[in-house]
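**Q** For reference, the sequence and a predicted model appear below.
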Amino acid sequence: GGGGEDGGGGVVAWAGSTRVGAEPELVRRVGGAFLLSRSLSSRYVRLLFLSTHQFDASRARAAVYPTDPAPKPKDIKQASKRRLQSVSVPDWEAFSASLLLHWTSAASGLELDGAVTKGLRAVRNSLSDQRASAVLGWPLMQQAVLAALPTALGPDRPAVALRSTVAAVSSRMRPLLRAVVETCGILSSPRELRDLFGWLADIADTLRAMGLSPPDAAALLSCLTRCLPGQQAAGSTQPAPPAEPPEPPAPPSRWSAIATVLSLQSSAESAPAEAGQAEAWQRFLDGATPVILRLLVV
């Protein structure tokens, strides 16, 4: 989707977003307390948010990125560090505005919304379980993203170029998913959260290794936003395939009846949790995407 330009110099909100975040209320309080203009109060709040969480812009994580040939970890760390140090003050303000909009709420103030951190922790725990993710997690997510990507890239792209882009994404899809899911988990740890922008720089480097332009990277991240397992089924508008004629039901036993009741109870109890995870996942990527896209080009 498209975005709106923010006063800080970056795209911070997707078109059609109804989120408000903590910034408007914080701006009102700061302006009233210190008799500052709305613009100056907004800048103060955004910088205060960065300071509150002690985000570290001077160092980056040393990780082995999926490039060929693979660079040395020392070279990776130095390159990522240079990118973070090249980010301008208006960029930092735009980053803060995006995170405030999508990761906070009026009730949370400068802290991250608990619904987001709790939902993302559940997402990471679920997808980190190799027994589940090997069958239900990573493959389903990758399949969903690659199926949606050609449409997201646009109908005017030549077929050869489209196949080349999708192939480049497919070859590095697993490292990208792993980086995004691992980054989700750090939001609930104040100590790890300090390195947030190093983690987001890792994601940007993975996109760069795919050879993606910023518009193509934005299209891929948009697909990723909607790829959480179960999310497509819950929000799908595609018509269902014709149903097969049902087989005659077997006479129910007492144990099968009990199993049916327990299954229905489990489904009813898990539905709100899955909805919370899907919302947290979307809010995470909506907030992180403008940051990642900017780090892709610095």
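**A** Here it is on my side, so go on.
**Q** Surely residue 208 is in contact with residue 298?
**A** No: shown here, residue 208 and residue 298 do not form a contact pair, counting by C-beta atoms under 8 Å, at 11.0 Å. Where you see a C-beta, it was placed from the backbone N, CA and C, and this is true even at glycine.
**Q** Show me where the stretch 101-250 of the chain has its helices.
**A** 114-128, 130-132, 138-153, 159-171, 173-186, 190-193, 196-209, 214-225, 231-235 (DSSP state H, counting those that start in this stretch).
**Q** Out of these, indicate the one that is most buried.
**A** Mean neighbour count, computed with mean count of other C-beta atoms under 10 Å, is highest for helix 196-209 among those, reaching a mean of 23.
**Q** same for it, what does it pack against?
**A** Judged by 3 or more C-beta pairs under 8 Å, 6 or more residues apart in numbering; DSSP states H and E, the packing partners of helix 196-209 are helix 73-85, helix 173-186, helix 254-297.
**Q** which stretch in those helices is the model least sure about?
**A** Lowest mean pLDDT within the helices and strands packed on helix 196-209: helix 73-85, at a mean of 55.
**Q** tell me the contacts of residue 44?
**A** Residues near residue 44 by C-beta atoms under 8 Å, 6 or more residues apart in numbering: 30, 36.
**Q** Residue 148 and residue 227 touch, don't they?
**A** Yes: using C-beta under 8 Å, residue 148 is in contact with residue 227, at 7.5 Å.
**Q** Quick one: residues contacting the closest residue to residue 211 other than its chain neighbours.
**A** If the residues on either side of it in the chain are set aside, residue 211 comes closest to residue 168, at 5.3 Å by C-beta to C-beta, 6 or more residues apart in numbering. By C-beta under 8 Å, 6+ apart, the residues touching residue 168 are 210-212.
**Q** gap between residue 168 and residue 108?
**A** Distance from residue 168 to residue 108, counting by C-beta to C-beta, to the nearest Å: 38 Å.
**Q** re earlier: can you put the helices of the stretch 101-250 of the chain in CSV and add distance to residue 278?
**A** Below are the helices of the stretch 101-250 of the chain laid out as CSV (distance: least, C-beta to C-beta, whole Å):
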stretch, distance to residue 278
helix 114-128, 8
helix 130-132, 16
helix 138-153, 12
helix 159-171, 22
helix 173-186, 13
helix 190-193, 22
helix 196-209, 20
helix 214-225, 10
helix 231-235, 5
